[in-house]
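A.B. asks: give me the fold of what follows.
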Amino acid sequence: MDYIIRNMHEDEWHLLEEFLYQAIYVPEGFEGEVPRDIVRDDPKCRAAYEDFGSLPDDQAMVAVVDGEVVGACWVRTTDEYGHIDNATPSFSISLFEEFRGRGIGTELMQRMLDDLLSAGYARASLSVQKENPAARLYARLGFRSVGNGADETEWLMIRELNEPFTLIETDRLILRPWLASDAQCLLSLANDPEVGPTAGWTPHESAEESAKIIKTVFAAPETYAVVLKGSGELVGCAGFNAGDAASMPLSDGELELGYWIGRPFWGCGYATEASRALVERGFNELGLRGIHAAYFDGNERSRRVLDKLGFSYMRTEQDVECVLLGEKRTEHFMYLRR
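C.D. replies: Next up is the predicted model:
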């Protein structure tokens, strides 16, 4: 579909009220029609569009198809649902239903993010219903959940504009940064006794524990949530370890590859696909000269992944302390040279 992205004209600002209405998330199974007055009666909704152009940070872009405005993306620093502070513009974005799923919304938001960065803003924010599939789009663009929004049904998300953001895509997968909103999905995979102990960590026991892991361990650089490209469903974790997080001492220009996949997704080749993408990133983008990996004796799934990636056997160590499980194990070490 041919479309153009341009700045919104002043005589089009009145369309923002309609686009805000179109942006209201309607959950599956909802019957009836959402009252149109909702965007006028709710002060926080009105704040997103009322008197647009009167605030110094007001910016808007539109998508146009055959001369018709079919979508809009705009930012303000006022007391709307995504508001953080008066230095952080908050996003609103909407497309007419028949124009969704065509990449238009992604381009609208990316263009706005680029403009905000060029204008010197440090970050941007937004609010989204937790059940809204649009949250996956925001995650792909680097927005991270920082907690609940106006109530427990919403996520408040922030994009640090000066923070490097990496999104890795393969044929079937997306590797993206972990989000606070991933906690429940992480728990559903990581509470399996067949997953964690094999890799050397204890099963998660609560969403609170999973949330803490996301905030601490998974916040490390080059640590990615592995999700299905089509649905955004979480399938596991992959990334590079360094420093104390690695299983062995590392030299300059080296990192350690780590990965795990939830049991419902075993046998699909996802660990190999995600790890191959990381290996390519490590050598081609990070400039690594070598990549280490290790697996505990008996973890044949992990060994097969490393074999497929071309890793070579280095050594085996007995009685390696597995701190998180409070036991000693035999560990095999592998290496891939650039």
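
A.B. asks: spell out the residue ranges of the helices in the protein.
C.D. replies: For the chain, the helices defined by DSSP state H cover 15-22, 38-41, 43-46, 104-118, 134-140, 183-190, 196-199, 207-215, 270-284, 300-309.

A.B. asks: among the ones you listed, which comes closest to residue 74?
C.D. replies: helix 15-22 (6.2 Å; C-beta to C-beta). (Glycine included, C-beta is placed from N, CA and C.)

A.B. asks: what is the closest one packed up against?
C.D. replies: Packing contacts for helix 15-22, counted by 3 or more C-beta pairs under 8 Å, 6 or more residues apart in numbering; DSSP states H and E, involve helix 38-41, strand 68-76, strand 90-95.

A.B. asks: so where's the protein uncertain?
C.D. replies: 164 (pLDDT under 70).

A.B. asks: which residue ranges make up each domain of it?
C.D. replies: Following automatic domain parsing, one finds the domains of the chain at 1-165, 166-338.

A.B. asks: and of the helices of the chain, who's closest to residue 159?
C.D. replies: Closest among those, using C-beta to C-beta: helix 104-118, at 6.7 Å.

A.B. asks: centre of the chain to the closest one, how far?
C.D. replies: Between the centre of helix 104-118 and the centre of its host chain there is 17 Å, according to C-alpha atoms, centre = their mean, to the nearest Å.

A.B. asks: thought residue 336 was touching residue 288?
C.D. replies: No: the pair residue 336 / residue 288 is not scored as a contact, 9.3 Å apart, by C-beta atoms under 8 Å.

A.B. asks: okay, strands next: where are they in the stretch 201-338 of the chain?
C.D. replies: Using DSSP state E, counting those that start in this stretch, the strands found in the stretch 201-338 of the chain span residues 223-228, 234-241, 254-261, 290-296, 312-322, 327-337.

A.B. asks: can I get the ones you listed in CSV with mean neighbour count and distance to residue 31?
C.D. replies: CSV is the format used below for the strands of the stretch 201-338 of the chain (neighbours: other C-beta atoms under 10 Å; distance: least, C-beta to C-beta, whole Å):
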stretch, mean neighbour count, distance to residue 31
strand 223-228, 22, 30
strand 234-241, 23, 30
strand 254-261, 22, 38
strand 290-296, 22, 52
strand 312-322, 12, 53
strand 327-337, 16, 55
